[in-house]
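Engineer: Structure for the following, please:
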Amino acid sequence: MSHPATLSAIDVSPTRAIRAARIAIGGLFFLCGLAFASWASRIPQVQEALALSPAALGAAIAGLGAGSFVAMPVSGWLTIRAGSRRVASSAAIATSASLILPALAWDVVTLAGALTVFGAAIGVLDVAMNAQAVELEHRVGRPIMSRFHALFSAGGMTGAALGGVIASWHVPVTTHFMVAALVLMATAAALRPALIEAPRPEPGHGGPRLRLSRALVGLSVLAACVMLGEGAIADWTPIYLATVIGTGPGLAASGYAVFSAAMMVCRLAGDRLTERVGRVRLVRLGTLLAAAGMSVALLLGTLPAALAGFACVGAGFSVAVPLVFSAAGRLDSRSAGPGLAAVTTAGYLGFLAGPPVIGFVAEAFTLPLALALIVVLALVGAALAGFVSVSDSSS
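Structural biologist: Numbers count the residues shown, from 1 in each chain. You can find the predicted model right below:
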């Protein structure tokens, strides 16, 4: 696939522009992970302050999925029409600003509304920043997607670790989120000039249209399974460690930090592992590792087992999503946009639907039994691993 050489509005050489674009796009992934983990790290304090039951908390968190359900398809359309550069930049600022909203909620309804706005902003940013990454991957001519997702994990690890420290210092959630929002907004504004100016459809053309196919459905289900598990880990491991294991507020945030650290490390090596092991085998082995690790964590029920298990889930799921998105970009040889938008939407809907599903199951049964759903999802992912070897539909 050929693309224009112009990368951005700034007047620099192509090599420098590509390097600047890699830094800027990586910054978006890091920012997104940090913003989400900042929220996740303070969930126990928000739940306690509002006196929410697991079911009520799960219902409020469903607002994240509801916001994304509306925003992601719109984001895919906007990315094709207006360009991922403009959409990604605006969404990064909106994500940063809306982080403050959950801290201002006073009951389950206002928390759900705040998380709906936050989820919508994250949903738009997810689609647009991945479109930026796919566009740059085409231009550099080699796999780089896994490294960008490593930066999302690095952001998650950083946000969770900082959140744990801040929680242990008993800093109010409002103060924490307000400072974080201001810093992230300034960062998002600074990254904008180096983002890629992607080509748009020619006048009179509606842009690429994606056909519903077995490969599209398989990749969408695979993405949803893996990312539903990831979303459940993000939002419910602090609750699991605090209420089931009995840790303090600082250690409660360590579960997602360990998960994100393992995911980040494995994603940094993901492109090289893909070349050596193969796409399908790597996804299958990874999802089986995730299933085994989560099973051990829940069966033993100790802090060391839980942290080791969460690390196995992070390592096992680490390269699955980058490989799924890469495959989605090959569904149509004319443009990566339509396939990427569809599969990203399915994946992140799973990511954001996971926490409320876990909440409802935990209310009906127990939280450990609810988290066992991650094991089932990982096994389904292993069965669907073959879809990541998909080739261009036009080939």
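
Engineer: Against which helices or strands is the helix or strand in which residue 139 is found packed?
Structural biologist: Element membership of residue 139 [criterion: DSSP states H and E] is helix 108-140. In terms of contacts (3 or more Cβ pairs under 8 Å, 6 or more residues apart in numbering; DSSP states H and E), helix 108-140 is packed against helix 14-41, helix 43-50, helix 54-82, helix 84-98, helix 145-168, helix 320-328, helix 337-364. Where you see a C-beta, it was placed from the backbone N, CA and C, and this is true even at glycine.

Engineer: so how far is it from its chain's centroid?
Structural biologist: 8 Å (Cα atoms, centre = their mean, to the nearest Å).

Engineer: From residue 244, how far off is the nearest residue to residue 299 once chain neighbours are set aside?
Structural biologist: With Cβ to Cβ, 6 or more residues apart in numbering as the criterion, residue 299 has its nearest non-adjacent residue at 7.9 Å, and that residue is residue 305. Note on residue 305: its distance to residue 244, by Cβ to Cβ, to the nearest Å, is 12 Å.

Engineer: Please identify the deepest-packed of the helices and strands packed on helix 108-140.
Structural biologist: Counting by mean count of other Cβ atoms under 10 Å, helix 320-328 has the highest mean neighbour count of the helices and strands packed on helix 108-140, with a mean of 28.

Engineer: what's in contact with it?
Structural biologist: Surrounding helix 320-328, the residues in contact under the criterion Cβ atoms under 8 Å, 6 or more residues apart in numbering are 130, 134, 137, 143, 145-146, 148-149, 215-216, 219, 222-223, 226-227, 230, 267, 270, 274, 279, 282-283, 286-287, 336, 339-340, 342-344, 347, 381, 387-390.

Engineer: same thing with stretch 41-53?
Structural biologist: Taking contacts as Cβ under 8 Å, 6+ apart, the residues outside stretch 41-53 that touch it are 57, 60, 102-103, 105-108, 111, 159-160, 162-164, 166-167, 173, 176-177, 235, 238-239, 242, 249, 252-253, 256, 363.

Engineer: And for stretch 144-157?
Structural biologist: Judged by Cβ under 8 Å, 6+ apart, the contacts made with stretch 144-157 from elsewhere in the structure are 22, 25-27, 29-37, 129, 133-134, 136-137, 234, 256-257, 259-261, 263-265, 267-268, 270-271, 274, 314, 318-319, 321-323, 325-326.

Engineer: quick one, what contacts residue 262?
Structural biologist: Applying Cβ under 8 Å, 6+ apart, one finds that residue 262 lies in contact with 310, 311, 312, 313, 314, 315, 318.

Engineer: For residue 293, see how far away the second one is.
Structural biologist: Computed with Cβ to Cβ, the distance linking residue 311 and residue 293 is 7 Å.

Engineer: For those two, indicate the residue with more neighbours.
Structural biologist: A direct count of neighbours by other Cβ atoms under 10 Å for residue 311 and residue 293 places residue 293 higher, at 25 against 21.

Engineer: The more buried one: which element?
Structural biologist: Assigned by DSSP H and E, residue 293 belongs to helix 279-300.

Engineer: Tell me the helix or strand right after that helix.
Structural biologist: Later in the chain than helix 279-300, the nearest helix or strand by DSSP H and E is helix 303-317.

Engineer: List the buried residues for that next one?
Structural biologist: Of the residues in helix 303-317, those scored as buried under the neighbour-count criterion (16 or more other Cβ atoms under 10 Å) are 303, 305-317.

Engineer: Identify, from the residues you listed, the entry nearest to residue 190.
Structural biologist: Of all the buried residues of helix 303-317, residue 314 has the smallest distance to residue 190: 29.2 Å, by Cβ to Cβ.

Engineer: And that closest one, what's its pLDDT?
Structural biologist: Reading off the per-residue confidence, residue 314 sits at a pLDDT of 93.

Engineer: From residue 18, how far off is it?
Structural biologist: Computed with Cβ to Cβ, the distance linking residue 314 and residue 18 is 30 Å.

Engineer: List the contacts of the helix or strand of the chain with the lowest mean pLDDT.
Structural biologist: The helix or strand with the lowest mean pLDDT-type score in the chain, counting by mean pLDDT, DSSP states H and E, is helix 249-252 (a mean of 74). By Cβ under 8 Å, 6+ apart, the surrounding residues in contact with helix 249-252 are 44, 45, 164, 165, 167, 168, 238, 239, 241, 242, 303.
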